[in-house]
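Student: give me coordinates for this.
(one chain, ligands or ions: 1)
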Amino acid sequence: MRGTVRFGVSLPGELLEHFDQLIARKGYKTRSEAIRDLIREHLVAHEWEEDRETVGTVTLVYDHELRELTQVLTRLQHLYHPAIISSLHVHLDEHNCMEVLVVRDRARRIREIADRLTSVRGVKYGALTMATSGQGLY
Ligand code: NI
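Tutor: Numbering: from 1, shown residues only. Modelled structure (predicted):
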């Protein structure tokens, strides 16, 4: 199927009412826009469940004065270098640093890299955002 397709959906009226209220609050202009995003979200979740090639970001906050911690983080990033395709370092204040790494690999491997980095002792905050390569999404 190519181009835009129209289809009908049957659902309980109350459910639709709730949905309309929610999407209005989120700023959607039409139901179609909201439903397209829900479908994409679902497809991205599957991309991660099925261990497909995908993209994510790992956010880390840590104190750079813990020299060993900084060394471990650098070592791990070099170890996983083909997967870590970009990194951003922000000096938040005198002590705290934020690093955002863009990781492209199979889903399981990205999770593994995120787990290794966020579990390093001294990392104050670590989180993985499961994004997408965009392939298969229209
Ligand atoms: Ni810094």
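
Student: flag every residue of this structure that's near the ion.
Tutor: Contact residues, the chain versus the ion (CB under 5 Å from the ion): His64, His91, Cys97. In this view, the C-beta of every residue, glycine as well, is placed from N, C-alpha and C.

Student: contact partners for the nearest residue to the second one once chain neighbours are set aside?
Tutor: Pointing back at His91 there. Distances taken as CB to CB, 6 or more residues apart in numbering put Cys97 closest to His91, at 5.9 Å, once the chain neighbours are dropped. Listed by CB atoms under 8 Å, 6 or more residues apart in numbering, the contact partners of Cys97 are Val61, Tyr62, Asp63, His64, His89, Val90, His91.

Student: just the closest residue of the protein to the ion, please.
Tutor: Nearest residue of the chain to the ion: Cys97, at 3.2 Å (CB to the ion).

Student: that's a strand at that residue, yeah?
Tutor: Yes: under DSSP: H, G, I helix; E, B strand; the rest coil, Cys97 sits within a strand.

Student: which pLDDT value goes with it?
Tutor: Cys97 is assigned 96 on the pLDDT scale.

Student: what's across from it in the sheet?
Tutor: As for beta bridges, Cys97 partners with Tyr62, His91 under DSSP bridges.

Student: where in the protein is pLDDT low?
Tutor: For the chain, no stretch is flagged by pLDDT under 70.

Student: strands along that one, start to end?
Tutor: 53-63, 84-91, 96-106, 123-130 (DSSP state E).

Student: so which of the contacts of Cys97 wins on neighbours?
Tutor: Neighbour tally across the contacts of Cys97 (other CB atoms under 10 Å): the maximum, 23 neighbours, falls on Tyr62.
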